[in-house]
Structure formats: C-alpha cells, structure tokens
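A.B. asks: Build the 3D model from these lines:
(one chain, ligands or ions: 3)
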Amino acid sequence: MKNITDKLNRPIKDLRISVMDTCNYRCPYCMPEDKFDENYQFLKPQERLSFDEIYRIVKVFAGFGVNKIRLTGGEPLLRKNLPELITKLKSINGIKDIALTTNGQLLQKQLPQLIDAGLDRVNISLDTIDKDLYYQMSGNKGHLKVVLAAIESARKSSLKSVKLNCVVQIGVNDDQILSLLKKYQDTDVVVRFIEFMDVGNKNGWQKDSVLHFKEILQHIEKEWKVNAIDPNYKGEVAARYKYQDHCGEIGFITSISKPFCRDCSRARLSADGKLYTCLFASEAFDLRKHLRNEDDIFLKQYIQNVWQNREDRYSEVRHQLKGRKDKIEMYVIGG
Ligand code: SAM
Ligand code: SF4
Ligand code: SF4
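C.D. replies: Ligands and ions are numbered 1, 2, ... in the order given. Purely as a prediction, here's the structure:
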C-alpha cells in the first residue's frame, strides 16, 4: 500500500460512491420538485459506472489507504442488485467498512440481503417524526411509518451502527429536534443534526435558514444535560455528545459554524464516474473516460495526481467565495 497526501498534508481514507443519480424523494433542500421534474435529464443506464468499473476504482483507492466506503446517491437503494456490489467491494484487500446512506423508504425489504453481502453500517435520513411534515419534507413522496419500521429492523439487526441524519432548517423543522431525540433516547441509535449547507445551486439556500450547532445545543440543553465526548477517530465528521442522565449519543455536523476541512480525507465519486475532491467542488475528474480507455497503471497515476494536487477547504473560506454559482448538486455526490 502507498499512502498519499494532498497539498494540505491530508491522507485519503474514505471514498463516497454515488451508485444512483435518481431519487424516489424530492426533498426541497436537495432536489426541489420544480427543478427536478419529469423533464429533467438523469443519466442513461450505460452512463452509470457498472459494478465491475466501481470495483476497479475502489481497488486503486484501497491501494492508497482508503479503508472505508460509503454508498450513497440520489437514492442508492434504487440501484438494482446493490448487495452484489457490496460483496465485490468487501472482497478488496484493505476495505474494512462499508456503509450506506439512504432515505430508508426501500430499506426494510432489502436489509437482510445487504447485511448478508457485508454491509457494516447504515445512516438513515430522518428530518422529523411528524407524519405530515415528513411527507411534505420528502416532496410528498415518503411515508414516515415505512421508514420508522426500517429503522427498527436495522436496530435489531447485526449492523455495527445505525445513525439518523436530520438536516435542520429554521422555520421548517427546527421545532422537531426534541421529539426526534426523545424517540431514540436510551437506544443505540445515534441522532445527528446537520447544519443546512449551501451545496449546489438549486435548493434556494439562505444563511438565515441555518440553525447553528450552538443554537441546536442550547435548545437541547434546556431539556437535558449533555456532555461532549471524544471523537472515535481523527477526522470524524460529527462532534459527539452524550446525555448525562440517559443512554445514547447525539452528533452534530457543523459544516457552516465549525468547518472541519483540516482533517477532511474524503473523496467522492458520482454515478457517472466523476471524481470530486470536495462537497462544494466545481471541478470534476472524469474517471469513467480513463476507466474505459486506459489500464490500471494509468488510473493509479491519474488518481494519485488528483489527490496530491488537492487543496480544497471550501467551508473554511466560504465567506470569501460567496455567491459561487458552479457548485455540484448534493444529489450527484450524495453528502
Ligand atoms: N438519498 C439518500 C438520503 O437522503 O439519505 C442519500 C443521499 S442524500 C444527498 C445524503 C444526505 O445529504 C442526506 O442525509 C440529506 O439529508 C443530506 N442533504 C441533502 N441536501 C443537504 C443540504 N443542502 N445540506 C445538508 N445536508 C443535505
Ligand atoms: Fe433524495 Fe436524499 Fe436528496 Fe432527499 S436528500 S432528495 S432523499 S437524495
Ligand atoms: Fe472536506 Fe470540502 Fe467539506 Fe471542507 S468543505 S470538509 S474540504 S468536503
């Protein structure tokens, strides 16, 4: 194995792979229905990387020290035969952990096969436990009951962890924080609050809609005593807290108020094989073109060059780049 670092001395450890660009939801903060309507051109099947192509890429990344893979989308569970991909990736030397990020609508039925194939962990997006608000926040597509049942199945399964992702928006679901926490208090499900981010250009992001980590924490502290705990490992995205008088963990993803670029060791691959070195990137590196025309030696050198020239730290310099209009959309790279 050859470890490589970027221009800011950050290694590469984590690869997030979007296996599907389409989605069965239309969350207004990600794929607003008026912009992603029936005329929107998603990828054609042949434009998406095949499982063999993803396997080839992951083998190269594993050779550079990547040991964690997250499968995401769009909605990854819309991709047919996903367990087949998980089995393939799990067989790669060095790949220790495979996680999935999903809206959970299609999870329950697929869960046993995903686990049998080697899935280690799952993150399920859950912005509220109010049935009507849930429906509305999914763009009138998702049913809360189905997702809650999937979370229960995941909890009882052999998965190593089940985390819930809640994107908090002022005036939309900021009054849902306590009920969400109460539901999963004293369980091993980790609830994580994500600051609403200015990813892409289509979701109408306004800084006034962002509820900052400190404000979320203050809100929680009115109800319960919580204490900060150490990260599980260097570069962990979420700040971790635990209750003083209850079991359970709470996480905060503070991309806006407390950027964590300094330890960012993640690369992202879109469903059509473009490599992004930052969530807010505007430049992409076309791995599919090289995969389909070149050998693995070329691919290795190409990826090494991309990483060694990386100097992204968007969240730290966000204020200087205000109004940039060329950012990649969240549904393309999956968070
Ligand atoms: N469809 C899957 C899901 O919703 O879990 C996977 C892809 S989705 C793009 C991944 C995560 O990004 C979700 O937890 C979603 O809530 C989050 N997300 C989407 N747009 C966001 C934004 N503007 N700011 C913060 N998080 C966002
Ligand atoms: Fe789909 Fe996930 Fe985006 Fe919602 S957040 S529209 S579920 S990709
Ligand atoms: Fe990493 Fe870019 Fe996010 Fe900073 S802004 S943490 S470099 S993805």
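
A.B. asks: Return the distance of stretch 191-205 from the chain's centre.
C.D. replies: How far stretch 191-205 lies from its chain's middle: 12 Å, per C-alpha atoms, centre = their mean, to the nearest Å.

A.B. asks: in this protein, which spans are strands?
C.D. replies: 14-20, 68-73, 97-102, 121-125, 161-168, 190-195, 226-229, 239-243, 249-253, 266-269, 274-276, 285-286 (DSSP state E).

A.B. asks: Among those, which comes closest to Arg313?
C.D. replies: strand 266-269 (12.6 Å; C-beta to C-beta). The C-beta positions use only the backbone N, C-alpha and C, and glycine is treated the same way.

A.B. asks: What pairs with the closest one, parallel or antiparallel?
C.D. replies: Sheet pairing of strand 266-269 (DSSP bridges) gives strand 14-20 (parallel), strand 274-276 (antiparallel).

A.B. asks: tell me which residues in the last one are buried?
C.D. replies: Right, strand 274-276. Lys274, Leu275, Tyr276 (16 or more other C-beta atoms under 10 Å).

A.B. asks: show me what contacts the residue in the stretch 201-335 of the chain that ligand 2 sits nearest to?
C.D. replies: Across the stretch 201-335 of the chain, no residue is closer to ligand 2 than Tyr331, which sits at 4.6 Å (C-beta to the nearest ligand atom). For Tyr331, the contacting residues are Asp21, Cys23, Cys30, Met31, Phe36, Gly73, Gly74, Gly200, by C-beta atoms under 8 Å, 6 or more residues apart in numbering.

A.B. asks: just checking: which of those also lie near ligand 2?
C.D. replies: Cys23, Cys30, Met31, Gly73, Gly74 (C-beta under 6 Å from any ligand atom).

A.B. asks: Distance-wise, check the first one relative to Asp296.
C.D. replies: It stands for Cys23. The gap separating Cys23 from Asp296 is 32 Å, by C-beta to C-beta, to the nearest Å.

A.B. asks: which one of the two has more residues nearby?
C.D. replies: Cys23 (22 against 13; other C-beta atoms under 10 Å).

A.B. asks: Next up, the contacts around the more buried one.
C.D. replies: Contacts of Cys23 (C-beta under 8 Å, 6+ apart): Cys30, Met31, Gly73, Gly74, Glu75, Leu78, Asn103, Tyr331.

A.B. asks: wait, isn't the first one in contact with Trp205?
C.D. replies: No. Between Cys30 and Trp205 there is no contact under C-beta atoms under 8 Å: 10.6 Å.

A.B. asks: got the contact list for the residue of the stretch 101-250 of the chain found nearest ligand 2?
C.D. replies: Residue of the stretch 101-250 of the chain nearest ligand 2, by C-beta to the nearest ligand atom: Asn103 (3.8 Å). Residues near Asn103 by C-beta under 8 Å, 6+ apart: Cys23, Asn24, Tyr25, Glu75, Ile124, Ser125, Ser138, Gly142, Val147.
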